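Participant: turn this into a model:
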Amino acid sequence: MQDLQDYPIGIQDFEEQRPTLLLPLNSLSLQDLSLADALDELLKNNARTHGLELENKGIANRFAELIEKLSRKFGRRIVLLIDEYDKPIVDFLDQPEKAAEHRDFLKSFYGVLKPADAYLHFVFLTGVSQFSRVSIFSDLNNLQDISLNARFASLTGVTQQELQHYFEPEIAALSKAQGKPDFELLEEIKRWYNGYSWDGNERVYNPFSLLNFFAQGGVFKNFWFATGTPKWLIKEVYNRRVYDYQGLEINENGLTQFDLGELSPPTLLFQTGYLTIRNFYRHSNLYQLDYPNLEVQQSFYEILLGFYRHSGPEVAPLIENISNLFANNDLDGVFSRINQLFATIPYELWQKENEHFYHALIHLTFTLLGAKTYSEVQTSNGRCDALVETADRIFVFEFKLDQSAELALAQVYERDYTEAFRLSEKEIVALGVNFSRELKGVKEWKVEIRA
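Facilitator: Residues are numbered from 1 along each chain as shown. Purely as a prediction, here's the structure:
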């Protein structure tokens with residue numbers, strides 16, 4: 001099997017033809033068939049395509065037979081492409097026993113690649129997870145993981161240069177239709193669909209979202225998220241009571257580990273595309289994670305807010321104008337809208353939750369509406385619960401549950417949460433907010449303004 005180093009990007013001989021075996025595991029119908037039967041159908045279909053017949057028993061043996069017969073028929077080593085190699089596992093993460101069963105089965109299935117090396121010219125596997133070689137690829141010591149390799153950072157997306165070159169006519173047409181200059185349209189497209197990175201430097205666009213954006217006449221919407229967000233993933237995030245992953249720092253092992261016995265939300269979110277690498281700090285070998293773009297962050301927060309409210313993700317009608325209310329310094333309107341939002345939450349949920357629950361609801365709500373929001377902001381004397389920044393004001397929040405707004409506001413000043421922002425030319429608004437389990441919302445709030 002050839003090494004990936006033998007294939008430098010941009011120096012490919014596309015005139016060379018080789019027999020190719022494509023196994024798209026995302027095409028398997030595992031609701032109707034067992035993994036063994038579904039793979040058997042996939043192998044038989046490939047064999048028929050090349051005029052071959054499989055005679056061996058056992059899926060792994062039939063896979064090895066197909067590779068050998070295809071190579072012998074054409075007298076050349078073959079190219080093997082496996083798309084979504086891990087889908088039979090990832091689709092069943094909410095069923096741990098089934099996921100483990102599929103993992104063990106695939107270990108045997110992929111294990112035939114090493115003995116079949118004489119018939120393989122090039123093998124390329126893609127997937128959303130990174131199962132360790134111990135769990136699936138223990139027999140394959142000739143595989144290279146290129147996920148975080150800077151040489152391949154732009155392999156799976158559209159670069160800014162490619163966007164402006166290949167989509168120049170579409171960009172010009174949309175710019176004219178929407179009455180805005182090219183650079184302004186490009187900035188908006190970048191904000192929505194760019195941002196994926198595997199080295200903290202090169203950033204690429206999501207091809208699926210980008211193509212749908214142009215196909216639908218330049219409408220900004222959540223295309224990728226609409227393809228399906230696994231509820232088990234959002235549920236896992238919700239159960240851990242972590243609602244904001246911006247700026248999270250993690251080492252490479254944390255990014256690449258995928259242990260069925262101990263699923264880590266940051267790892268899951270990174271490997272499934274909900275988080276990406278913002279920076280890589282070489283001196284400490286740490287990666288800083290963030291949401292790749294507005295499309296992903298907005299949709300993720302909306303669905304997570306649905307879990308916190310124990311209702312559907314549709315919240316825009318309730319909170320669509322909170323940003324305007326903040327901008328107009330209409331705090332009565334802000335808290336009125338918040339209480340309208342909270343009024344839909346089941347009574348039982350209010351009774352059993354703690355302060356964190358309300359912090360999460362506020363943060364998700366404010367961020368969804370485009371406000372510049374920070375949670376648990378570190379100052380020299382502690383952490384303020386939330387900070388919302390508008391064009392001319394900085395709102396500093398402290399929340400209490402079943403206590404008093406006066407106590408919350410006093411803490412803002414006792415711990416001098418506003419001190420860190422005194423050099424700002426913006427007006428500083430300190431807010432103490434008291435939530436009530438009985439009223440299911442904001443019972444009272446106190447405010448002080450410092451110019």
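Participant: got a pLDDT number for residue 14?
Facilitator: pLDDT for residue 14: 58.
Participant: correction: residue 46
Facilitator: 95.
Participant: now residue 233
Facilitator: Residue 233 is given a pLDDT of 81.
Participant: the residue nearest the centre of the chain and residue 40: what is the separation?
Facilitator: Nearest to the mean C-alpha position of the chain, by Cα atoms, centre = their mean, lies residue 274 at 0.6 Å. Relative to residue 40, residue 274 is positioned 34 Å away (Cβ to Cβ, to the nearest Å). The C-beta positions use only the backbone N, C-alpha and C, and glycine is treated the same way.
Participant: tell me how many other residues crowd residue 172.
Facilitator: 12 (other Cβ atoms under 10 Å).
Participant: the nearest residue to it once chain neighbours are set aside and residue 169, how far apart?
Facilitator: In this structure, residue 172 finds its nearest non-sequential neighbour in residue 182, 6.9 Å apart by Cβ to Cβ, 6 or more residues apart in numbering. Taking Cβ to Cβ as the measure, residue 182 falls 12 Å from residue 169.
Participant: more crowded one of these two?
Facilitator: Ranked by neighbour count (other Cβ under 10 Å), residue 182 and residue 169 place residue 182 first, with 14 against 8.
Participant: isn't that one up against residue 174?
Facilitator: No. Counting by Cβ atoms under 8 Å, residue 174 is not a contact partner of residue 182; they are 9.0 Å apart.
Participant: is residue 128 in a helix, a strand, or coil?
Facilitator: Residue 128 falls in the coil class when you classify it by DSSP: H, G, I helix; E, B strand; the rest coil.
Participant: quick one: residues contacting it.
Facilitator: Residues near residue 128 by Cβ atoms under 8 Å, 6 or more residues apart in numbering: 84, 86, 90, 271, 272, 273.
Participant: residue 321 too?
Facilitator: Residue 321 sits next to 333, 337 when contact means Cβ under 8 Å, 6+ apart.
Participant: any idea of the mean pLDDT in stretch 391-400?
Facilitator: So the average pLDDT for stretch 391-400 ends up being 86.
Participant: from memory residue 281 sits against residue 250, does it?
Facilitator: No. Between residue 281 and residue 250 there is no contact under Cβ under 8 Å: 11.0 Å.
Participant: overlap in contacts, these two.
Facilitator: residue 287.
Participant: between these two, which has more neighbouring residues?
Facilitator: Between residue 281 and residue 250, residue 250 has the larger neighbour count (other Cβ under 10 Å), namely 18 against 11.
Participant: and that one, that one's in a strand?
Facilitator: Yes. Assigned with three-state DSSP, residue 250 falls within a strand.
Participant: partner residues bridging it?
Facilitator: residue 287 (DSSP bridges).
Participant: same question, residue 122
Facilitator: residue 79.
Participant: from residue 60, how far out is it?
Facilitator: Separation of residue 122 from residue 60 (Cβ to Cβ): 21 Å.
Participant: for residue 444, phi and psi?
Facilitator: Note on residue 444: backbone dihedrals following degrees, to the nearest 10 are phi -160, psi 160.
Participant: count the neighbours of it for me.
Facilitator: Using other Cβ under 10 Å: residue 444 sits among 16 other residues.
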